[in-house]
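Asks: got a sequence here, can you model it:
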Amino acid sequence: MTPKTAVSLATLVLAAALAGCGTTVPLNDVPVESRQTTPATGGTAAGGAGSKGTTAQSQVATVDLARGASETTPAARTIYFDFDSFIIKDDYKAVVEGHAKALAATRGKRLVVEGHTDERGGSEYNLALGQKRAEAVTRTLVLLGAADNQVEAVSFGKERPAVQGSDEAAWAKNRRAELKDR
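Replies: Predicted structure coming up:
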């Protein structure tokens, strides 16, 4: 195949691919829903009988990211995980989001995320799982606004338990990631 033929073939393939991306739905004919807010005094949403024709005020509070780090840093610094998992549970997403906001507001601030596991399993496995837990929190912090150079992930595996014991209550407290200032 000559270079000229290859370019022609590539052009045809590209043209065919772009032709397949077209849509037959005209976007200017798509209906747009228009809603009127219900006034606090008891009118109807459709603006019919009983409507006063006024709209309710928004109750959204503003957030000041310029506040000092001591005001924006959440008190919670531990994220707990399920057995053999490094997925951040919904219960702890607010903790991670709060730390991400504090890091984004104060670019000089640094955190170390320490990954820990319970005592079950081998040392190598637990070091790897602890690292995955720390990296999951680190990646989430970065996705939510922290800079890469502000966070560091380390693993201690099962070497630094928070609670001594060989029952589910102790294991649950040891499956964690801790956020520590650096």
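Asks: setting aside sequence neighbours, what's the nearest residue to E97?
Replies: Nearest residue to E97 in three dimensions, chain neighbours excluded: L144, at 5.8 Å (C-beta to C-beta, 6 or more residues apart in numbering). Bear in mind the C-beta positions are built from the backbone N, C-alpha and C, glycine included.
Asks: need the contact list for the one you found.
Replies: Listed by C-beta atoms under 8 Å, 6 or more residues apart in numbering, the contact set of L144 reads 96-97, 100-101, 104.
Asks: what stretches of this protein score poorly on pLDDT?
Replies: In the predicted model, the chain carries pLDDT under 70 at residues 1-74.
Asks: by neighbours, which of the contacts of L144 wins?
Replies: V96 (24 neighbours; other C-beta atoms under 10 Å).
Asks: touching, that residue and R139? I think so.
Replies: No - with contact defined as C-beta atoms under 8 Å, V96 does not count as touching R139 (10.1 Å).
Asks: from G122, how far off is the residue nearest to E97?
Replies: 33 Å (C-beta to C-beta, to the nearest Å).
Asks: same check, this time on I88
Replies: Using C-beta to C-beta, I88 is found at 24 Å from G122.
Asks: for the residue nearest to Y80 when sequence neighbours are not counted, phi and psi?
Replies: What sits nearest to Y80 in space, not counting adjacent residues and going by C-beta to C-beta, 6+ apart, is R176, at 5.1 Å. Note on R176: backbone dihedrals following degrees, to the nearest 10 are phi -150, psi 170.
Asks: do you know how far R176 is from R107?
Replies: To R107, R176 is 27 Å away according to C-beta to C-beta.
Asks: alpha carbons of the lengthiest helix in the chain, as CSV, please.
Replies: The residue-count maximum for a helix in the chain (DSSP state H) belongs to helix 123-143. Extracted C-alpha coordinates of helix 123-143, given in CSV (Å, rounded to 0.1, in the frame of the first residue of the first chain):
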residue,chain,number,x,y,z
SER,A,123,2.2,-8.5,56.2
GLU,A,124,2.8,-7.9,52.5
TYR,A,125,-0.9,-8.2,51.7
ASN,A,126,-1.8,-5.7,54.5
LEU,A,127,0.9,-3.3,53.4
ALA,A,128,-0.5,-3.3,49.9
LEU,A,129,-4.1,-2.9,51.2
GLY,A,130,-3.1,-0.1,53.5
GLN,A,131,-1.4,1.7,50.6
LYS,A,132,-4.5,1.3,48.4
ARG,A,133,-6.6,2.9,51.2
ALA,A,134,-4.2,5.8,51.6
GLU,A,135,-4.1,6.3,47.8
ALA,A,136,-7.9,6.2,47.5
VAL,A,137,-8.1,9.0,50.0
THR,A,138,-5.2,10.9,48.4
ARG,A,139,-6.8,10.6,44.9
THR,A,140,-10.1,11.8,46.2
LEU,A,141,-8.5,14.8,47.9
VAL,A,142,-6.8,15.8,44.7
LEU,A,143,-10.0,15.3,42.7
